[in-house]
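Peer 1: Return atomic coordinates for the entry below.
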Amino acid sequence: MNLIAKAVRKEFLRAAHGTNRFIAVQDTDVTLAGGTLTVLTGRSGSGKTTLLNMLAGLLTPTAGEVLLDETSLYEMDDGALSKLRGTRFGCIPQGQTALHSLTVRENILLPFALCGGKPDEAHLQSLCETLGIASLLEARPAELSGGELRRAAIARALVHRPSVVLADEPTGDLDDENTATVFRLLRETAQQGAAVLVVTHETDAAQYADVLLRMDAGRLLQG
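Peer 2: Predicted coordinates:
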């Protein structure tokens, strides 16, 4: 399964600074192929997160289209797109996104609570053991450190075996050991057939990548 962007561009309107238009992402073509881990780097503000959010079906492009194989994301109605994201996509956003009224287990299993399906308990346990959070499943998010919350978010993104994984700085809160663990896990996820995109500043990420891209002032460039 491939995620394909064709000539996607994102403009934002603003009133200040002498112009009312800011182009965050220039016309961009990119294919995230199943079985491939793509690493995207670039300075802060270069357009990486904007591009990722368009690929995730979360931010409508000003122009262009995003397709999951033959399915055009932005031609779908909101309900169908939400269901597609919930079942086929695994997204790891920046920041902390846990629901504090739920346990860690309930947070990780949210894709099933929202979109249906039966969790694979063995897969859940394996993920959490790999990420070092198996003993925390019945805890509440308030009891976890920032790094533990980050690893729980990664487990939530992978627990339903998505076809596409989009990770925005997934190791930002992690030490070197856990950073390596997460990249190995994402590498394994790609080897199992998923299309994986990782936006990162980690200099060691290149060793795990099949494809290296970078963004500069909204332009997508090779390596």
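Peer 1: Which parts of the protein are helices?
Peer 2: 48-55, 78-88, 104-108, 110-115, 121-130, 146-158, 176-191 (DSSP state H).
Peer 1: Any chance of these in a markdown table with distance to K10 and mean pLDDT as columns?
Peer 2: Using the backbone N, CA and C atoms, a C-beta is placed for each residue, glycine as well. Listed next are the helices of the chain as a markdown table, based on distance: least, C-beta to C-beta, whole Å; pLDDT from 0 to 100:
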| stretch | distance to K10 | mean pLDDT |
| --- | --- | --- |
| helix 48-55 | 5 | 97 |
| helix 78-88 | 17 | 94 |
| helix 104-108 | 30 | 97 |
| helix 110-115 | 27 | 91 |
| helix 121-130 | 33 | 97 |
| helix 146-158 | 23 | 97 |
| helix 176-191 | 25 | 97 |
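Peer 1: Export those as JSON lines, with columns for distance to L13.
Peer 2: Below are the helices of the chain laid out as JSON lines (distance: least, C-beta to C-beta, whole Å):
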{"stretch": "helix 48-55", "distance to L13": "14"}
{"stretch": "helix 78-88", "distance to L13": "22"}
{"stretch": "helix 104-108", "distance to L13": "36"}
{"stretch": "helix 110-115", "distance to L13": "32"}
{"stretch": "helix 121-130", "distance to L13": "41"}
{"stretch": "helix 146-158", "distance to L13": "31"}
{"stretch": "helix 176-191", "distance to L13": "35"}
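Peer 1: which one of those lies closest to E11?
Peer 2: For E11, the closest of these is helix 48-55, at 10.3 Å, according to C-beta to C-beta.
Peer 1: Not counting the closest one itself, show me its contacts.
Peer 2: 3, 5, 8, 10, 24-25, 28, 30, 32, 40-42, 59-61, 66, 94, 166, 168, 197, 199, 215, 220 (C-beta atoms under 8 Å, 6 or more residues apart in numbering).
Peer 1: List buried members of the residues you listed by neighbour count.
Peer 2: With neighbours counted by 16 or more other C-beta atoms under 10 Å, these contain buried members at 3, 5, 8, 10, 24-25, 28, 30, 32, 40-42, 59, 61, 66, 94, 166, 168, 197, 199, 215, 220.
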